[in-house]
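Chemist: quick one, fold the following:
(chains A and B)
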2 protein chains.
Amino acid sequence: MIVSYDGLTRHVMDILEKGLGYTESQARITAEVLVEADARAVPSHGVARLAFYRKNLEGGFAFTDREPQVVRETPVSLVVDGKSGIGPSVAAFSMDRCVDKALEIGTCSCVVRDSNHYGMAGLWAERAAKRGCMAVAMTNTRKCCIVTFGKERLLGTNPIAVAIPGSGEEMFLLDMATPVVAHGKVEVYDRRKKPMPLGWVVDETGSVTDDASHIEDLFKSESSLGGHLFLGGEGEELGGHKGYGLGLMVELLCSALSLGRWSPETFQEPGSGSGITHYFAATRLDVFGDESAIKDSVSSILESVRRSEKADGHDRIFIHGEKEREARERAVREGIELDRATEDMLRRYSDEFGLTQLEELK
Amino acid sequence: MIVSYDGLTRHVMDILEKGLGYTESQARITAEVLVEADARAVPSHGVARLAFYRKNLEGGFAFTDREPQVVRETPVSLVVDGKSGIGPSVAAFSMDRCVDKALEIGTCSCVVRDSNHYGMAGLWAERAAKRGCMAVAMTNTRKCCIVTFGKERLLGTNPIAVAIPGSGEEMFLLDMATPVVAHGKVEVYDRRKKPMPLGWVVDETGSVTDDASHIEDLFKSESSLGGHLFLGGEGEELGGHKGYGLGLMVELLCSALSLGRWSPETFQEPGSGSGITHYFAATRLDVFGDESAIKDSVSSILESVRRSEKADGHDRIFIHGEKEREARERAVREGIELDRATEDMLRRYSDEFGLTQLEELK
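Modeler: From the prediction side, this is the model:
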C-alpha cells in the first residue's frame, strides 16, 4: 500500500496520542522520526517500530508521563536524565539544548541516561546540522553484538551518526550501526529461509554461520551466546577489531560518561525503564574559520569524490546521506510504500483504537 | 638486533639533530614518537620511518626552521598553521594547547593545516588522556584509499584515535587506520611473493585482488588507479560504505575545517610542504559528572568485556591499546628488536653523519 507522507504522519500521531497515551508533543516528534525513516527507505527504523514502542510502554520500559531533565550543566556540556520518557522526545529535548549552547559558546556535548529508543541516529545529527552546526549522535541499544574473540552478545548496535554541512543544502550525513548489518537483515533471510552472506553473525560457539533461522532462535532463547559481528567481521584479518573498537567507544561515550546503564543492563526490570543512553555533540563551524569558506571546502571535496573514477560496472559514487535524501524526495512526491506486515499492523491498531483507517494514496 | 629503549631514542635523536638538522626539541619529540611505535610493536610507524622523514626534508615537504603558529582561537577551539614544520613537533604543540584550553573551559577542538606526518595517531590521543582528558586525534595522509564503487586512490589512510581514561592506569585507546589494513602489510606480501587475503585492496579496474606485487607497481606508477579498501571491504554487502564514510569524515574534519589540503593535494609541489592536516579534540571528564565515578564506570565496562565468554579456540579478549601497552612494557624491560632493514639503515646513517654506531643490548 502506498500512502502519503502527511497522511501517514497524521495517522501515526493519532495512534500514539489517542491509542497509546502519548502527549501531543511526544506523538508529533515520534511520528516524524518514524515516518522520516520510511521516507528515507530505512524501514527497519520506520513505522513498523510502533509495535516495539508499544511493547516498551506495556513492559514498563518507557513512560508517557515523564519529561527529561537537565541534571548537570557546564558552559560546554549537558547531562540529561531521560526519566525513562519517550525516546524521540528525550532526544529532541537534549539535542536542541545542546545546539542552543553550541550556538552560544561554539560547542557543546550532551550525554543522556535513562532514555529510550530514539529512531534513526542520523536524524538527530541532521537536526543540529540544519541549525548550522556539525554534529554527532550516538546511542547504545539492547545487547546484540559479539566482541572480537568473544561469543556472547554484549554491546549494542551502537550507531555513529555524523553530520557536516556543506554549502547550500548539501550535507555529509554518515549514519552507521557499528556491526556489519542491522538485525532486520537477518530477519529477512530467516523469513525467506535463505543462507545469509558469511561474515554477518556468529553462532553460540563464536563461529561464522549463514543460518539465519538458527540465529533468530538464539536471539529468542535464554542464552546470550551468538550474535552480530562488528564491521570488519570475524577475527582481525579484515579489521573486525576496529569495528569492535568503534562499538566499544560508542558504549563508553553513551553509558560510562552518563553514568547510565551499558547495553547488557538495558531492558532488565519491567517498571524501571530500558536504561538506554545517548551521546550528542554540536559544534559551530565558524569556530574554525569563515563558515562559508569551510562549507565550500566540504562541498568541493564531496564533489571531487563523486566525480572520481568509477569501478568497472559502476556508474555512481554515493556520498553518505545522498541515497536517503533522494528516497525522501521521491517519498514526499510519490508517497511511501508500506509492506504488508506494517499495513496490517496499522489496520489492527486503527480498529483497536477506533481510528479512521489510513487511506491509500491515489 | 635488540637495542635498549633509551639507547635507540638517544641514537635517533642524534641522527635527527646532528644528521638532519632538527632542533633539539624537534629531535626529542620525533625520536620519542618513532621509538614508541617500535616499542608498541607497530614498526610501520617506527624508526624505519626515518628514511621517509629525511625524504620529506630533501623533497621540500618538511622544514626544520619553521615553527607552528596559532592563527585563530575561540574559547573552545584552535586553528594551527603548521608552516610545513616537523610533524610530531606540530602535533605536540597543537595537542598540548588544545588540552590547556580543555582543562580551563572543559573542552577544545583544534584543526591544523600545513603540517606533516606525525607518527602513530594514538600517541596524541594518549598524550591528552594522560592529562585527564578523553581525546581524539585524526590526520589525513597521501592518497591511497578507494571509495565504495570507485577505483581511484583518493582519500588517505585517515586514522581515528580515541582515548578514554579509566581508573588508575587503565585507558581505552583505539587507534585505527580507516582502511582494512595499513600499506605496510601489502609490502610484506610483496616481499614474500605470497597472495594477500582478498578484501584488502582493489586493482586498476576496481576489483579485489590478492596480487601484492601488482599493487606495489600501481602505487609506484603514474596511475592513480588501484589501492586500499576501507574497513568493510568491497561494495556494501559487508559494510564497505561504512568504512568509506569514516575515512571521508576524517578527511572533512582535518582538511575542510582547517581550510587546508585534502589527501589528493598533499605531497604535490616540492618546496610547498606536504600539506598534511590534523584534527584534535580534548574534553575533561568532569564536565559530565564525578570524574572518578566516570573512570570507574569505564573500567567496569572494560573489565566485563574482558571477562565475557570467549569464542571456541580463543582464551583472551583484548581491549584496544592493551596489546601495545604490554608490548611496550616488554620493550622497556627487554629491549626493542629491529628488523634487518632498519638496522642497516641506522648503520648507514651513523656512518654518513659520523655518529657512534648503536650498541646491541646485552
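
Chemist: for residue A:54, what are its contacts?
Modeler: residue A:20 (Cβ atoms under 8 Å, 6 or more residues apart in numbering or on different chains). Where you see a C-beta, it was placed from the backbone N, CA and C, and this is true even at glycine.

Chemist: how about stretch A:215-226: buried residues?
Modeler: Of the residues in stretch A:215-226, A:215-216, A:218-219, A:224-226 count as buried by neighbour count, 16 or more other Cβ atoms under 10 Å in any protein chain shown.

Chemist: quick one: the residues you listed as CSV, columns for pLDDT too.
Modeler: Below are those laid out as CSV (pLDDT from 0 to 100):
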residue, pLDDT
A:215, 94
A:216, 93
A:218, 94
A:219, 93
A:224, 95
A:225, 96
A:226, 96
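
Chemist: can you tell me which of the residues you listed is nearest chain B?
Modeler: residue A:225 (6.6 Å; Cβ to the nearest Cβ).

Chemist: distance check, the closest one against residue B:310.
Modeler: Distance, residue A:225 to residue B:310, by Cβ to Cβ, to the nearest Å: 11 Å.

Chemist: ditto for residue A:251
Modeler: Taken as Cβ to Cβ, the span from residue A:251 to residue B:310 is 19 Å.

Chemist: so which of these two has more stuff around it?
Modeler: Neighbours of residue A:251 and residue B:310, each counted by other Cβ atoms under 10 Å in any protein chain shown, are more numerous for residue A:251; the result is 30 against 16.

Chemist: quick one on the thing from earlier: can you list residues touching both of residue A:225 and residue B:310?
Modeler: Shared contacts of residue A:225 and residue B:310, counting by Cβ under 8 Å, 6+ apart, come down to A:151, A:206.

Chemist: assess the claim that residue A:164 and residue A:132 are in contact.
Modeler: No - Residue A:164 is not in contact with residue A:132 according to Cβ atoms under 8 Å; the separation is 11.4 Å.

Chemist: out of these two, which sits in the more crowded spot?
Modeler: In this view residue A:164 and residue A:132 are compared by other Cβ under 10 Å, and residue A:164 has more residues nearby, 29 against 17.

Chemist: can you tell me the helix or strand for the more buried one?
Modeler: strand A:160-165 (DSSP states H and E).

Chemist: just the CA trace of that strand, in CSV.
Modeler: The C-alpha coordinates for strand A:160-165 follow below in CSV (Å, rounded to 0.1, in the frame of the first residue of the first chain):
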residue,chain,number,x,y,z
ILE,A,160,27.5,6.5,15.0
ALA,A,161,25.9,9.5,13.1
VAL,A,162,27.9,12.5,12.0
ALA,A,163,26.6,15.4,10.0
ILE,A,164,28.8,18.0,8.4
PRO,A,165,27.1,20.8,6.5
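
Chemist: quick check: phi and psi at residue A:28.
Modeler: The phi/psi pair for residue A:28 (degrees, to the nearest 10) reads phi -60, psi -50.

Chemist: ok, it touching residue A:13?
Modeler: Yes - the pair residue A:28 / residue A:13 is scored as a contact, 6.1 Å apart, by Cβ under 8 Å.

Chemist: confirm that residue A:113 sits in a helix.
Modeler: No - secondary structure assignment (DSSP: H, G, I helix; E, B strand; the rest coil) places residue A:113 in strand, not in a helix.

Chemist: bridging across strands, which residues link to it?
Modeler: residue A:81 (DSSP bridges).

Chemist: who touches it in this structure?
Modeler: Counted by Cβ under 8 Å, 6+ apart, residue A:113 has contacts A:79-82, A:255, A:258-261, A:275, A:277.

Chemist: if we go to 7 Å?
Modeler: A:81-82, A:258-260, A:277 (Cβ atoms under 7 Å, 6 or more residues apart in numbering or on different chains).

Chemist: for residue A:306, same thing?
Modeler: A:317, A:319.

Chemist: 10 Å instead?
Modeler: Residues counted as contacts of residue A:306 (Cβ atoms under 10 Å, 6 or more residues apart in numbering or on different chains) are A:316-319, A:322, B:147, B:150.

Chemist: for whichever residue of the stretch 251-362 of chain A sits closest to chain B, which non-adjacent residue is spatially closest?
Modeler: Ranking the residues of the stretch 251-362 of chain A by distance to chain B (Cβ to the nearest Cβ) places residue A:311 first, at 2.5 Å. Counting by Cβ to Cβ, 6 or more residues apart in numbering or on different chains, the nearest residue to residue A:311 once its immediate chain neighbours are dropped is residue B:206, at 2.5 Å.
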